[in-house]
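**Q** give me a 3D structure for the following:
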Amino acid sequence: MQKEISKAGVSCHRLVGGKALTLIHYEPYEELGRSYQRLYEACREKALEVVLPIREQYLKGPGLIFRGNPRKYVTKLIFQVQS
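**A** Below you'll find the model as predicted:
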C-alpha cells in the first residue's frame, strides 16, 4: 500500500517493500529499453508478476554543470515482483 505525504509543495510516497529483480544498466538513458525488455523476459520465464510502480535509481548520470559522457551513466532498474 502506498502512503502519500505532502509538505510545502513536495509529495512523497512510501512504497511497500518485497522481492525484486534488478538490473544495472551501463549505457545512455536512450538505451534503457533493452534493459527493460531483459527484465520483463526474466519475469516471464520465472512466472513472476511485476508489481507497479517500477523504479529507476540513477547511480551515475549528468552533473549539474557538465553533461558528462552518457556511455558512462549507470542506472539501476528495480522490478518488484510476486509469484
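**Q** most centrally placed residue in this structure?
**A** Centrality entry for the chain: nearest residue to the mean C-alpha point is residue 56, 2.1 Å, by C-alpha atoms, centre = their mean.
**Q** list the contacts of that residue.
**A** Neighbouring residues of residue 56 by C-beta atoms under 8 Å, 6 or more residues apart in numbering: 32, 75-78. Any C-beta I mention is one placed from the backbone N, CA and C, and that applies to glycine too.
**Q** mind putting the residues you listed into JSON lines with pLDDT and secondary structure?
**A** Listed next are the contacts of residue 56 as JSON lines, based on pLDDT from 0 to 100; DSSP: H, G, I helix; E, B strand; the rest coil:
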{"residue": "32", "pLDDT": "97", "secondary structure": "helix"}
{"residue": "75", "pLDDT": "97", "secondary structure": "strand"}
{"residue": "76", "pLDDT": "98", "secondary structure": "strand"}
{"residue": "77", "pLDDT": "98", "secondary structure": "strand"}
{"residue": "78", "pLDDT": "97", "secondary structure": "strand"}
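**Q** same list (those) but as JSON lines, adding distance to residue 46.
**A** Shown next, in JSON lines, are the contacts of residue 56 (distance: C-beta to C-beta, whole Å):
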{"residue": "32", "distance to residue 46": "21"}
{"residue": "75", "distance to residue 46": "22"}
{"residue": "76", "distance to residue 46": "19"}
{"residue": "77", "distance to residue 46": "16"}
{"residue": "78", "distance to residue 46": "16"}
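**Q** any of those residues buried? List them.
**A** Neighbour counting with 16 or more other C-beta atoms under 10 Å marks 32, 75, 77 as buried within the contacts of residue 56.
**Q** can you count the residues close to the closest residue in space to residue 20 that isn't next to it in sequence?
**A** Excluding the flanking residues, the one nearest residue 20 by C-beta to C-beta, 6 or more residues apart in numbering is residue 80, at 4.8 Å. Neighbours of residue 80 under the rule other C-beta atoms under 10 Å: 20.
**Q** also residue 74?
**A** Residues near residue 74, counting by other C-beta under 10 Å: 13.
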